[in-house]
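Enquirer: Sequence and predicted structure below; questions after.
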Amino acid sequence: MLDEKIFDSREALLAALQEDCVAVLDEALKERDQASFLVSGGSSPAPLYQRLSQIALDWKRIQVALVDERWVEPGHAKSNETFVQKNLLQHAAGQAPFLGMKNSAETAAEGLAACEQAYQKLAQPFDLTILGMGPDGHTASLFPNAEGLEEALTTDSLCSAITAHQSEVTGEYTERMTLSLAGIVNSCRLVLLITGDEKLQALRAAQGEGPVGDMPIRAVLRQNKVPVTLYWAP
Ligand SMILES: O=C(O)[C@H](O)[C@@H](O)[C@H](O)[C@H](O)COP(=O)(O)O
């Protein structure tokens, strides 16, 4: 079941989503010592993170962690860790403890056990997870028919290693670490943040019939464990 919040502009979407994120995190901090906030990379969430970074939340009690990562070193232009450091972990949010996915292993598959061990220490279930979606129907780094996708959709672990088929969407960085489906639904709230008509059309296609493998976002849309809220603007 997808709760849809449709906005006339990205500005209106960002204002509403910022407010909703703050409310969820604030509420979590009232109930527990530590909250956990799982964040995707990509271009869509950048303005949201920039807004949230300025908000006076009790960030030192909010564990920020990645939804997925390209298997590149921090500092690399395509590193989600660097993207989150630059866009979210600034100003007030600079106090937040951060957990990335990239470690010293040669490959994501070799780094999986250490990543899993670290992620198991996060406050669970995650209080809020921000997901994006590509026009190919991927979310996190669950890419269509990727190597490791079947495992990522069935494992009980929080994390999975994926090798995507190279496409315009993946670019050359096809080796990924990602939350598994179990990791994604190990959240109290899921936000799906997409903009533009192309992605809305892709979402509508994903809501139709068809194999999860072709559009992995379908696994998130078809589960009924965690509420998913769509935030969309043109
Ligand atoms: O590592 C990544 O790129 C993201 O985690 C990925 O899953 C992203 O959410 C989608 O690709 C949408 O990205 P855009 O918002 O840039 O379209």
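Expert: Everything's here; your move.
Enquirer: Hmm, Gly213 and Gly137 touching each other?
Expert: No: contact between Gly137 and Gly213 fails when scored by C-beta atoms under 8 Å: they sit 10.0 Å apart. C-beta: built from backbone N, CA, C; applies to glycine.
Enquirer: Look up the residues that both of these two are in contact with.
Expert: Pro144 (C-beta atoms under 8 Å, 6 or more residues apart in numbering).
Enquirer: if you count what's nearby, which of those two comes out ahead?
Expert: More crowded of Gly137 and Gly213, by other C-beta atoms under 10 Å: Gly137, with 24 against 17.
Enquirer: where does the more buried one fall, helix, sheet strand or coil?
Expert: State at Gly137, reduced to three classes by DSSP: H, G, I helix; E, B strand; the rest coil: coil.
Enquirer: Distance check, it against Leu193.
Expert: Using C-beta to C-beta, to the nearest Å, Gly137 is found at 15 Å from Leu193.
Enquirer: Repeat that for Gly75.
Expert: 25 Å.
Enquirer: The two: which is more packed in?
Expert: Leu193 (22 against 9).
Enquirer: host element of the more buried one?
Expert: strand 190-195 (DSSP states H and E).
Enquirer: Could you do Gly111 as well?
Expert: Here Gly111 is assigned to helix 108-119, by DSSP H and E.
Enquirer: right, and the secondary structure at the nearest residue to Leu88 once chain neighbours are set aside would be what?
Expert: Of all residues not flanking Leu88 in the chain, Tyr49 sits nearest, at 3.7 Å (C-beta to C-beta, 6 or more residues apart in numbering). At Tyr49, secondary structure determined by three-state DSSP is helix.
Enquirer: So for stretch 115-130, mean pLDDT?
Expert: Across stretch 115-130, the average pLDDT comes to 98.
Enquirer: In it, which residues are buried?
Expert: Cys115, Glu116, Ala118, Tyr119, Leu122, Ala123, Phe126, Asp127, Leu128, Thr129, Ile130 (16 or more other C-beta atoms under 10 Å).
Enquirer: Please apply the same query to stretch 25-35.
Expert: Applying 16+ other C-beta under 10 Å to stretch 25-35 flags Leu25, Ala28, Leu29, Ala35 as buried.
Enquirer: Now name the helix or strand holding Ser160.
Expert: According to DSSP H and E, Ser160 maps onto strand 159-163.
Enquirer: Report the angle between that strand and helix 108-119.
Expert: 160 degrees (axes from the mean of the first three to the mean of the last three C-alpha atoms, to 10 degrees).
Enquirer: close to the ligand, is strand 159-163?
Expert: No: using C-beta under 6 Å from any ligand atom, we find that strand 159-163 stays clear of the ligand, coming within 10.8 Å at best.
Enquirer: Contacts for that strand, please.
Expert: For strand 159-163, using C-beta under 8 Å, 6+ apart, the contacting residues are 101, 107-109, 111-112, 115-116, 119, 141-143, 146-149, 151-152, 174-180, 183.
Enquirer: Tell me how far the residue nearest to Leu88 lies from Val64.
Expert: 10 Å.
Enquirer: anything in contact with each of the two?
Expert: Residues touching both Tyr49 and Val64 (C-beta under 8 Å, 6+ apart): Val39, Val84, Leu88, Ala93.
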